[in-house]
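>>> Make a model of this:
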Amino acid sequence: MELELLQELGFTPREIKVYLALLELGSTTVGPIATKSKLQSSKIYETLEKLKEKGLVSYVIISKTKHFQASDPKEILNILDEKRRKFKDLLEELKLKQKYSESKQISTVYEGFKSFKALFNKILDELNHGDEYWAFAFKNEYRSPSASIFLSNFHKKLEDKKIDDKVLGHTSVKKIINKSFEKNKNINIRFTKNETPLGVIIIKNKVINLIWGERPTAIEITSEQIYKQYRNFFLELWTNAKP
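Numbering: from 1, shown residues only. Purely as a prediction, here's the structure:
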């Protein structure tokens, strides 16, 4: 039991054997320690040096021979307190690193249809069953057959993966949006009279702005902070929106 506990506290098996032997033997030379701990004398000297560095062993010289003795076991608590103090100093530094990592924002631009399509494939790869895909709908872009077909096919793939698929559109384009997605069964569409961002996707820790045209473009922003802001705004409008 004591062996396991001391190992958990960071002591090596050799350090534990030597220290326990010293506690039982009292002030003694290397020979009895070797006999008691069943370790080679060469290993005893090496281990005693490490225990001295930790403040757990001291010695006196009697007749030109070193006699070693174990420090009070309470000293182990002092060692742990010192480690705790040092870690508390390190903890602040680690928290700063984590905070910097969380606040880091990355923006990626996808330009051209092939790049645009690759982004949507990546979105499908990243989303798993039950994940959220929430979007503020386009307006006039649904009048383009290529945009309408592309988006309808994409939402069908979301349906296959059982993604939480929500789209929020403006009431002025209700008919054309419903027509564009009439074959999609999984998608949940609501409409609002409020002005909303257009062509914006909200997934995990990302917000993606879409621009449809002759050269479709997407701007992907990876930011936990921005993601939360858009998600909260979407939910606020969604609650009062109607099918």
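>>> hey, which helix or strand in the chain has the poorest pLDDT?
Of all helical and strand segments in the chain, the minimum by mean pLDDT, DSSP states H and E falls on helix 2-8, at a mean of 73.
>>> helices or strands next to that helix in the packing?
Where contact means 3 or more Cβ pairs under 8 Å, 6 or more residues apart in numbering; DSSP states H and E, helix 2-8 is packed against helix 13-25. In short, each C-beta sits where N, CA and C put it, glycine included.
>>> Counting neighbours, what do you get for Ile208?
20 (other Cβ atoms under 10 Å).
>>> Kindly report the same for Asp164.
Neighbour tally, Asp164, other Cβ under 10 Å: 14.
>>> With the one 10 residues further on instead?
If you count neighbours by other Cβ under 10 Å, Lys174 ends up with 16.
>>> Let me see the confidence value for it.
Here, the pLDDT recorded for Lys174 equals 93.
>>> didn't it look like it was pressed against Lys193?
No. Between Lys174 and Lys193 there is no contact under Cβ atoms under 8 Å: 10.6 Å.
>>> and the helix or strand where Asp125 lies, how far from the chain's centre?
If you go by DSSP states H and E, Asp125 is part of helix 113-126. Mean-position distance between helix 113-126 and its chain equals 24 Å (Cα atoms, centre = their mean, to the nearest Å).
>>> returning to that earlier point: buried ones in the least confident helix or strand of the chain?
By 16 or more other Cβ atoms under 10 Å, the buried positions in helix 2-8 come out as Leu6.
>>> Go ahead and name everything in contact with it.
The contact list for helix 2-8, computed with Cβ atoms under 8 Å, 6 or more residues apart in numbering, reads 13, 16, 19-20.
>>> Lys43: which of the residues you listed is nearest?
Pro13 (10.9 Å; Cβ to Cβ).
>>> tally of neighbours for that closest one?
12.
>>> just Ile44 next, same as before
21.
>>> For whichever strand or helix holds it, give the mean pLDDT please.
Per DSSP H and E: Ile44 is located in helix 41-53. Per-residue pLDDT over helix 41-53 has a mean of 88.
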